[in-house]
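Novice: Predicted structure and sequence below. I'll ask about it afterward.
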Amino acid sequence: MTILAALDYTIFPPINATLNGLSGLLLLVGLVLIKSGRREAHRRVMIGALTSSALFLGCYLTYHYGTGHTTFPKEYPVARIVYLTILIPHIILAVANLPLITMLVVAAARGRFEQHKKWARITYPSWMFVSITGVVIYFMIYVWFPPSSVTASDGGAPLGLVASHIEEPGATGELVSGGLRYTPTFMTVPAEPGQKRVEVRFAVSNVSEHPVKVTTLESGCECLAVTMTLNPIPAGGSAEIVGIFDTEKMRGISERRITVETDQGGEPAFLTTRIEIEPVYTLEKEMTEWAIGSEPVTKVVKFRVVREKPVHVLSAESKRAEVHCEVVEVEKGRAYDLRLTPESTAKRLLGIVRIETDCELEQHARPLAYFSIQ
């Protein structure tokens with residue numbers, strides 16, 4: 001299994017928010033320092049802000065490479081409008097900040113402080129806005145208005161594969177709420193790469209003395225359709241909640257949650273499914289690192305096909321000219337080495353290697369490897 005496929009992607013949103021918050025705090029401290037004439041302290045703090053933002057970018061790309069697009073829950077229509085109002089300028093300014101910050105740093109590094117000050121008047125408020133709204137966006141989608149599904153990573157096998165009931169270690173196998181007993185509340189589904197759909201079934205029984213009607217049955221996720229075999233459920237009766245997942249674009253491990261509420265009140269019931277997509281290949285050392293000032297030696301990233309059908313690496317391109325990437329075929333269709341060589345390790349650097357393959361599965365055709373000089 002690749003490192004990315006095995007990652008628990010749920011750790012990334014709080015990490016991203018923390019890095020954004022740290023960047024905003026350092027930016028504020030940096031402004032106070034330069035206003036008081038403490039240039040050297042300002043320089044050190046701003047390098048910290050730059051590093052924090054660079055780490056955020058790496059984590060952000062990794063998270064969205066694994067999970068794809070994040071959708072704000074539709075059950076909060078007013079909050080969704082506010083969220084999008086914040087998100088759109090956040091994204092636009094985040095993209096615009098890349099060249100602005102680069103020019104800002106270059107001007108400072110070359111001692112052109114008047115030019116640096118000029119660019120700072122534009123870049124600073126934009127950078128600060130992106131940092132602060134990054135934290136707000138996290139709280140809106142993951143804390144204040146939580147989605148009904150939690151994605152760990154996204155990936156995609158014959159139609160109608162029914163999940164076996166495998167309980168999460170430490171989790172209870174059943175739940176009673178709103179007059180209904182749910183068995184189980186958690187299950188794991190294995191799936192093959194390229195699988196289009198997976199079906200899961202949760203058993204539901206009425207443990208009350210009256211008919212119980214399910215009033216809310218939703219996933220908050222466009223990739224999941226949810227139905228019931230019987231609603232309302234008579235006293236002593238039983239039914240099944242059926243979830244059908246669109247897994248074609250999933251990678252690695254994903255979790256999806258169904259929310260159930262009844263006319264009997266009580267706390268909502270949450271039924272969780274973990275989908276585990278088998279890997280197509282492995283990428284060892286997806287993050288290749290050199291220490292600043294170290295020998296610029298060649299380091300190897302190993303690409304290995306783990307399924308029976310071969311996958312050929314057609315090319316691998318470093319997105320930073322300072323690091324050269326060479327593809328070496330070890331075994332055709334099975335094993336390739338990506339040899340990464342930096343021109344120098346004198347400066348900090350963060351970059352991506354985009355790998356092109358002939359894999360027929362679109363979501364697996366262009367994996368990424370990462371490198372940094374820190």
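Specialist: Thanks, I have it. What you see is a predicted model; the values in this text were computed from it and never measured.
Novice: switch to C-alpha atoms for all contacts and neighbour counts from now on
Specialist: Noted.
Novice: Does Leu349 touch Tyr370 like I think?
Specialist: No - Leu349 is not in contact with Tyr370 according to CA atoms under 8 Å; the separation is 10.8 Å.
Novice: Could you work out the end-to-end span of stretch 362-374 for me?
Specialist: Distance between the two ends of stretch 362-374: 33 Å, counting by CA to CA, to the nearest Å.
Novice: how about Ser208, phi and psi?
Specialist: Taking degrees, to the nearest 10, you get phi -100, psi -180 for the backbone angles of Ser208.
Novice: and the gap between it and Gln264?
Specialist: Relative to Gln264, and taking CA to CA, Ser208 is found at 10 Å.
Novice: Quickly list what's touching both of those two.
Specialist: Gly179 (CA atoms under 8 Å, 6 or more residues apart in numbering).
Novice: helices and strands around the helix or strand that Pro190 is a member of, which ones?
Specialist: Taking DSSP states H and E as the criterion, Pro190 maps to strand 186-191. Judged by 3 or more CA pairs under 8 Å, 6 or more residues apart in numbering; DSSP states H and E, the packing partners of strand 186-191 are strand 269-277.
Novice: Tell me which strands the strand it packs on pairs with, and in which orientation.
Specialist: Using DSSP bridges, strand 269-277 pairs in its sheet with strand 186-191 (parallel), strand 253-262 (antiparallel).
Novice: Please convert those to JSON lines, extending it with mean neighbour count.
Specialist: Below are the strands paired with strand 269-277 laid out as JSON lines (neighbours: other CA atoms under 10 Å):
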{"stretch": "strand 186-191", "mean neighbour count": "22"}
{"stretch": "strand 253-262", "mean neighbour count": "22"}
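Novice: could the ones you listed go into TSV alongside distance to Glu40 and mean pLDDT?
Specialist: Output for those, formatted as TSV (distance: least, CA to CA, whole Å; pLDDT from 0 to 100):
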stretch	distance to Glu40	mean pLDDT
strand 186-191	54	87
strand 253-262	46	86
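Novice: so which of the ones you listed comes closest to Glu278?
Specialist: Among these, strand 186-191 comes nearest to Glu278, with 6.4 Å by CA to CA.
Novice: In which helix or strand does Gln264 reside?
Specialist: Counting by DSSP H and E, Gln264 is found in no helix or strand.
Novice: now do Ala108
Specialist: helix 77-109.
Novice: ok, back up a step: same question for the helix or strand just after the strand holding Pro190, mean pLDDT?
Specialist: As assigned by DSSP H and E, the chain's next helix or strand after strand 186-191 is strand 197-206. Strand 197-206 shows a mean pLDDT of 91.
Novice: tell me which residues in strand 197-206 are buried?
Specialist: Arg197, Val198, Glu199, Val200, Arg201, Phe202, Val204, Ser205, Asn206 (16 or more other CA atoms under 10 Å).
Novice: Run the angle between that strand and strand 186-191 for me.
Specialist: Angle, strand 197-206 to strand 186-191, by axes from the mean of the first three to the mean of the last three CA atoms, to 10 degrees: 160 degrees.
Novice: which helices and strands does strand 197-206 pack with?
Specialist: Where contact means 3+ CA pairs under 8 Å, 6+ apart, strand 197-206 is packed against strand 161-162, strand 180-183, strand 238-246.
Novice: lowest-confidence stretch among these?
Specialist: strand 161-162 - the lowest mean pLDDT of the helices and strands packed on strand 197-206, at a mean of 36.
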